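Q: this is a predicted model, with the sequence first.
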Amino acid sequence: MDLDEIRRILELMEANKVVELEYEQGDKRIKLRRSDEHAPAAVAFPPVVASAPPLTVVAPPPTAETAPPARASNIVEFKSPLVGTFYRAPRPDADPYVNVGDEVGPDKVLCVVEAMKMMNEIKAEMHGIVREILVKNGQAVEYGETLFVIEKK
């Protein structure tokens with residue numbers, strides 16, 4: 001593993017807000033950790049093959065037919081801060097944290113995302129009203145996937 005590979009890994013860690021990474025290939029092993037109290041604890045990446053070329057995905061430019069409808073400036077798409085399983089309530093027999101139409105504040109828990117057997121409470125971080133819930137209870141979610149649509153107050 002050369003210095004350029006380590007730099008690329010560090011850039012990926014920063015871009016995805018990963019705090020800790022362990023990587024092993026053959027007899028080589030590296031463990032990287034950075035300080036960031038707001039990031040998820042750890043994320044596992046599949047091994048990087050040095051000889052594989054980087055993948056590039058090019059999407060066609062949006063046209064009038066495919067462009068998403070414009071949203072009002074106070075409408076926010078609340079995205080998942082990590083990969084995991086989405087849960088609307090703390091337990092299967094409990095009421096959901098929020099429903100469509102509920103008012104939320106910065107400290108209001110919207111949902112839980114389970115990642116690596118850890119339950120991560122996801123807070124609204126803003127004042128507003130929940131207008132849409134876009135994922136189902138128990139659904140797997142990706143980093144950056146829109147979970148809620150919130151009308152900011």
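A: Looks like it arrived, so ask away.
Q: hey, let's count contacts and neighbours off CA atoms from now on
A: Noted.
Q: domain parsing of the protein, as residue ranges.
A: Domain ranges of the chain: 1-50, 75-152, per automatic domain parsing.
Q: what mean pLDDT would you report for the shortest one?
A: Right, the one you point to is domain 1-50. Per-region confidence: domain 1-50 scores 67 on mean pLDDT.
Q: helix, strand, or coil at the nearest residue to Pro81 once chain neighbours are set aside?
A: Excluding its sequence neighbours, the residue lying closest to Pro81 (Cα to Cα, 6 or more residues apart in numbering) is Tyr143, at 5.6 Å. Secondary structure, DSSP: H, G, I helix; E, B strand; the rest coil: Tyr143 is coil.
Q: and Tyr143, backbone torsions?
A: phi -60, psi 130 (degrees, to the nearest 10).
Q: before we move on, the earlier item: which of the domains of the chain sits most buried?
A: domain 75-152 (a mean of 17; mean count of other Cα atoms under 10 Å).
Q: can you give me the end-to-end distance of that domain?
A: With Cα to Cα, to the nearest Å as the measure, domain 75-152 spans 6 Å from end to end.
Q: helices of the protein, start to end?
A: Taking DSSP state H, the helices of the chain run over residues 3-15.
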